[in-house]
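Participant: Give me a model of this one.
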Amino acid sequence: MRHLITALTLTLIASCGWQLRGVSELPEGFRIIHVGGGPQNIREQLIQRLRFNDVVVPERALDAPAQIEINEYSVERRTLSVNSVGQIAEYEFNALLDVTVTRGEETHHFVTEARRTLSNDVNNVVATQQEERQLRDALDSDLLSRLMRRLERL
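Facilitator: You can find the predicted model right below:
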């Protein structure tokens with residue numbers, strides 16, 4: 001009976017499409033990819049995600065049949081609302097990642113965007129700064145997750 005329940009549970013999990021978080025099924029032509037351009041922290045995070053998905057990331061573009069070039073990465077912070085005394089109550093962060101993917105003669109251009117809001121506590125500046133750092137990290141993670149999902153569909 002125990003084996004039947006275990007087999008039934010595993011069948012249900014497999015049939016629902018469950019997989020480990022962050023695992024991407026990249027097409028066969030993207031098993032070796034060179035990553036270039038962009039700020040170092042974003043490039044390193046993208047390389048880390050690719051390696052997590054069993055992709056080889058060589059140092060030189062000549063050693064890879066596919067290339068990812070980070071054309072632009074930006075995070076814009078703007079005031080969303082102010083309180084009754086004119087102090088900023090909320091910020092909105094808009095992040096953009098512009099990437100060109102090349103494999104042989106194929107070229108794909110992707111622009112991914114993410115948006116978050118941050119409540120500004122003027123009485124606790126240090127906590128707000130820490131929350132902003134965490135929010136920026138979450139934006140980066142969201143942009144890279146969206147990029148990985150787009151790469152899966154190539």
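Participant: switch to C-alpha atoms for all contacts and neighbour counts from now on
Facilitator: Will do.
Participant: buried ones in the helix ranked longest in the chain?
Facilitator: Using DSSP state H, we find that the single longest helix of the chain is helix 125-152. Neighbour counts over helix 125-152 (16 or more other CA atoms under 10 Å) mark 128, 132, 135-136, 139-148, 151 as buried.
Participant: Residue 113: neighbour count?
Facilitator: The number of residues packed near residue 113 is 20, by other CA atoms under 10 Å.
Participant: Give the helix, strand or coil label for it.
Facilitator: At residue 113 the chain is in strand, as set by DSSP: H, G, I helix; E, B strand; the rest coil.
Participant: List the beta-bridge partners for it.
Facilitator: residue 96 (DSSP bridges).
Participant: Pretty sure it sits against residue 144.
Facilitator: No - using CA atoms under 8 Å, residue 113 is not in contact with residue 144, being 9.9 Å away.
Participant: pLDDT weak spots in this protein?
Facilitator: 12, 14-24 (pLDDT under 70).
Participant: And for stretch 74-88, what's in contact with it?
Facilitator: Stretch 74-88 is contacted from outside by 89-97, 120, 122, using CA atoms under 8 Å, 6 or more residues apart in numbering.
Participant: Format the residues you listed as TSV; extra columns: neighbour count, distance to residue 33 and secondary structure.
Facilitator: Listed next are these as TSV, based on neighbours: other CA atoms under 10 Å; distance: CA to CA, whole Å; DSSP: H, G, I helix; E, B strand; the rest coil:
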residue	neighbour count	distance to residue 33	secondary structure
89	16	43	strand
90	17	40	strand
91	19	36	strand
92	16	34	strand
93	20	30	strand
94	17	28	strand
95	20	24	strand
96	18	22	strand
97	22	18	strand
120	21	40	coil
122	12	45	coil
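Participant: Those residues into JSON lines, with extra columns for distance to residue 103?
Facilitator: Shown next, in JSON lines, are the contacts of stretch 74-88 (distance: CA to CA, whole Å):
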{"residue": "89", "distance to residue 103": "46"}
{"residue": "90", "distance to residue 103": "42"}
{"residue": "91", "distance to residue 103": "39"}
{"residue": "92", "distance to residue 103": "36"}
{"residue": "93", "distance to residue 103": "33"}
{"residue": "94", "distance to residue 103": "29"}
{"residue": "95", "distance to residue 103": "26"}
{"residue": "96", "distance to residue 103": "23"}
{"residue": "97", "distance to residue 103": "19"}
{"residue": "120", "distance to residue 103": "44"}
{"residue": "122", "distance to residue 103": "49"}
